[in-house]
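A.B. asks: I need the structure of the sequence given here:
(chains A and B)
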Amino acid sequence: MSATSVSPIPITTISELKQHHSQLVRLGLASHPAHARRLLAFLARDPVHLPYAARLLAHHPDPHPALFNPLFASLPPRHAAAFLALMLSLPLHPDHFTLPQLLPAAPLSFASQLHALLLKLNFHSHAHSFNALLAAYLANGRADLASRLFGGSSPSPALDVVSWTTMVGGMCRLGLVDDAREMFDAMPERNLVSWNSMITGYIKAGRFLHALEVFDQMRALGLEGNGFVATSAVVACTGAGALARGMEVHRWVEQSRIKMDEKLATAMVDMYCKCGYVEEAWRMFQALPTKGLTSWNCMIGGLAVHGRCKDAIQLFHQMERENMAPDDVTLVNLLTACAHTGMVSDGRHYYNYVVQRYGIEPKMEHYGCMVDLFGRAGLLDEAKKVIEDMPMEPDIGVLGALFGACKIHREVDLGEAVGWRVIDLDPQNSGRYVLLANLLASAGRWEDVAKVRRLMDERNVGKEAGRSVIEIEGEVCEFQCGSLCHPQEKDIFAMAEDMMREIRLEGYMPDTSDVMHDISDEAKETSLLYHSEKLAIAFGLLRTKPGDTMRITKNLRICRDCHEATKFISRVFEREIMVRDRNRFHHFKDGMCSCKDYW
DNA sequence: GTAGGGTTAG
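C.D. replies: Alright, predicted model coming up:
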């Protein structure tokens, strides 16, 4: 009788399984691989049935690795290890599928046991097993063990392009992007996965310009690329704020045979939003044949960072009309839109509405948004109440939002208390020290400012340097606070000084309240002049003409003084200036900013 | 069946 002659009754409960099993036993079919696999697949779904599965395997007349292998991938490592022990005790040898199934989820100690097994079985030269072991060490944060295995000589491993790519990707994930780059450069052969791994590695490290360099290098070799590489390139442009480069990637995709799938298109929508070209993002979004949840979220979030709160809300309603249910990200984006425009009552309304209507359980980030919404608006008591009433302990982000609000509204007492708490929770984050020092400086408490600075020194927390990127005629230039290394540096400096002199004549007054040094006012003003966005704007003025738009992307938040100065510059020099800071867009035109000074 | 892509407050 053939195995398929028994009609496959659906198995949904354990009693059904037992009935089915006894029927198979009567027919003498219980050991047939296809039936046994089906029984095991059901039993593996719940740990309470594992002893049953173990009995079935232990008494199988002709056990085969193919019966065990599917369990290894579906069971938690602890149970998988028990079944491996059973397998070895039969004794049954693992095959070439066994280790690749076991290794991806293996914690370190299990991985090293499997390493020993790999050597014993002489699977060292089996690329799949060997690469899975490399990946397991990397996944456990052990680049050292992976490197030793990779470079090992006895017995010499079979390295293929996947081994190299596994190392590159794994080291990038561990933050060892420079080591990964060395490996990447040494690769004997690269495929598109390798190129993409290196590009995404730089993206994860926030080194978008390096990511784009690798992308350029790939294209210079005449390689065609695919949707993955294209998406990564677009994401790199998004991170860098490089609109012209992003548009160039867009053209490259259209000229090549790369298919514009939903992920790629959504990445482009995001790129156009975050590079300041919302209209193009909108066109692409509207043209999407199918709009996934992520696409809606991207577009709503894009409107939010541009301060277009009403448009974001309108789009949310359109989303509802098209029967797309929002998720927790949608809610974050909606609340951000409201928070950044001071629309407190709308924020409160949509929070309640979305949570109730769609059954979204408010998470930490939503409480953070609400704290931000109230705090930014100066309703610090409301913000504190959100924290008191939330069902969990506030995390660093929620407290950070409250702290940020204290900084905006110069709430020195509360801010100091929250600031220290936030610093204790995340002592390596330089931004919090700087914020606290600024807050104390604004109250003239120089001794305490010095205390904060000393603590930063003791803990070896460097202040993150301000960096601004400006793209001129497709060329991406980066400026760093306080340092100029550009062929035109003298001209840029002279321009920066001219620029400040001219806007002063128009009424600009330097705002030195954010300078945390106890130095003379003149020295404070000079230190402001070195801010990276001012240098980038000065460079932009040299290279553009009145009526042009400049786009600047910076890594930190724009300071009060730069914000004020840029408003004047936009009017006096007749330029539109878009600045994307860490949080949002500022669109300066005719002496005003799109944020209406609410940020 | 070991390597790679889109959204999220501060």
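
A.B. asks: Please make it C-alpha for all contacts and neighbour counts, starting now.
C.D. replies: Noted.

A.B. asks: how many neighbours does A:Val249 have?
C.D. replies: Neighbourhood size, A:Val249 [other C-alpha atoms under 10 Å]: 18.

A.B. asks: quick one: it from A:Phe208, how far?
C.D. replies: Plainly put, A:Val249 is 14 Å away from A:Phe208 if you go by C-alpha to C-alpha, to the nearest Å.

A.B. asks: same deal with A:Ile569?
C.D. replies: 28 Å.

A.B. asks: Compare the two (neighbour count), which wins?
C.D. replies: A:Ile569 (28 against 24).

A.B. asks: anything in the helix or strand hosting the more buried one near DNA strand B?
C.D. replies: Applying DSSP states H and E as the criterion places A:Ile569 in helix A:560-572. No - counting by C-alpha under 7 Å from any atom of the strand, no contacts exist between helix A:560-572 and DNA strand B, the nearest distance being 14.6 Å.

A.B. asks: distance between that helix and the chain's centre?
C.D. replies: 31 Å (C-alpha atoms, centre = their mean, to the nearest Å).

A.B. asks: What of stretch A:386-400?
C.D. replies: With C-alpha atoms, centre = their mean, you get 22 Å for stretch A:386-400.

A.B. asks: same check, this time on stretch A:541-557
C.D. replies: For stretch A:541-557, the distance to the chain centre is 26 Å (C-alpha atoms, centre = their mean).

A.B. asks: Contacts (any at all) between DNA strand B and it?
C.D. replies: No - looking at stretch A:541-557 against DNA strand B by C-alpha under 7 Å from any atom of the strand, there are no contacts, and the closest approach is 9.6 Å.

A.B. asks: which is the next helix or strand following the helix or strand bottoming out on mean pLDDT in chain A?
C.D. replies: Using mean pLDDT, DSSP states H and E, the weakest-scoring helix or strand in chain A turns out to be helix A:521-529, at a mean of 73. Next helix or strand after helix A:521-529 toward the C-terminus (DSSP H and E): helix A:532-543.

A.B. asks: Buried residues, stretch A:244-251. List them.
C.D. replies: Across stretch A:244-251, burial judged by 16 or more other C-alpha atoms under 10 Å covers A:244-247, A:249-250.

A.B. asks: what does the average pLDDT come to for that stretch?
C.D. replies: Averaged over stretch A:244-251, pLDDT sits at 95.

A.B. asks: Which residues outside that stretch are in contact with it?
C.D. replies: A:230, A:233-234, A:237-238, A:268, A:271-272, A:471, A:473-474 (C-alpha atoms under 8 Å, 6 or more residues apart in numbering).

A.B. asks: can we see that at 6 Å?
C.D. replies: A:234, A:237, A:474 (C-alpha atoms under 6 Å, 6 or more residues apart in numbering).

A.B. asks: Cross-check those residues against DNA strand B and keep the overlap.
C.D. replies: Filtered for proximity to DNA strand B (C-alpha under 7 Å from any atom of the strand), these leave an empty set.

A.B. asks: could you dump these to a markdown table with neighbour count, pLDDT and secondary structure?
C.D. replies: Below are these laid out as a markdown table (neighbours: other C-alpha atoms under 10 Å; pLDDT from 0 to 100; DSSP: H, G, I helix; E, B strand; the rest coil):
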| residue | neighbour count | pLDDT | secondary structure |
| --- | --- | --- | --- |
| A:Val234 | 29 | 97 | helix |
| A:Cys237 | 28 | 96 | helix |
| A:Gly474 | 14 | 81 | coil |
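
A.B. asks: right, and out of these, which lies closest to A:Val354?
C.D. replies: Taking C-alpha to C-alpha as the measure, A:Val354 sits nearest to A:Val234 out of the contacts of stretch A:244-251, at 31.4 Å.

A.B. asks: What parts of the stretch 301-450 of chain A come near DNA strand B?
C.D. replies: Close to DNA strand B, as judged by C-alpha under 7 Å from any atom of the strand, the stretch 301-450 of chain A has residues A:301, A:328-330, A:332-333, A:336, A:340, A:364-369, A:372, A:396-398, A:400-401, A:403-405.

A.B. asks: Send me stretch A:391-399 as CSV with only the CA atoms.
C.D. replies: Listed next in CSV are the C-alpha coordinates belonging to stretch A:391-399 (Å, rounded to 0.1, in the frame of the first residue of the first chain):
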residue,chain,number,x,y,z
PRO,A,391,1.6,51.3,33.7
MET,A,392,5.3,50.7,33.4
GLU,A,393,8.5,52.4,34.7
PRO,A,394,9.4,55.2,32.3
ASP,A,395,12.5,54.3,30.2
ILE,A,396,15.3,56.5,29.2
GLY,A,397,13.4,57.8,26.2
VAL,A,398,10.4,58.9,28.1
LEU,A,399,12.5,60.7,30.7
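
A.B. asks: Which residues in it does the neighbour count mark as buried?
C.D. replies: So stretch A:391-399, judged by 16+ other C-alpha under 10 Å, has buried residues A:394, A:396-399.

A.B. asks: same thing with stretch A:79-91?
C.D. replies: For stretch A:79-91, by 16+ other C-alpha under 10 Å, it's A:79-81, A:83-84, A:86-87.

A.B. asks: any residues touching the host helix or strand of A:Met499, and which ones?
C.D. replies: If you go by DSSP H and E, A:Met499 is part of helix A:489-505. Residues outside helix A:489-505 that contact it (C-alpha under 6 Å, 6+ apart) are A:538-539, A:568.

A.B. asks: returning to that earlier point: the buried residues of stretch A:244-251 into TSV, with extra columns for distance to DNA strand B?
C.D. replies: Listed next are those as TSV, based on distance: C-alpha to the nearest atom of the strand, whole Å:
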residue	distance to DNA strand B
A:Ala244	18
A:Arg245	16
A:Gly246	13
A:Met247	16
A:Val249	13
A:His250	13
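
A.B. asks: of all the residues you listed, which two lie farthest apart?
C.D. replies: Farthest pair in the buried residues of stretch A:244-251, by C-alpha to C-alpha: A:Ala244 and A:His250, 9.7 Å.

A.B. asks: Ramachandran angles for the residue in the stretch 251-400 of chain A that DNA strand B sits nearest to?
C.D. replies: Closest contact between the stretch 251-400 of chain A and DNA strand B, by C-alpha to the nearest atom of the strand, is at A:Gly397 (2.7 Å). With angles defined as degrees, to the nearest 10, A:Gly397 sits at phi -70, psi -40.

A.B. asks: residue ranges for the strands of chain A, please.
C.D. replies: A:467-472, A:475-480, A:549-554, A:576-580, A:585-589, A:592-593 (DSSP state E).
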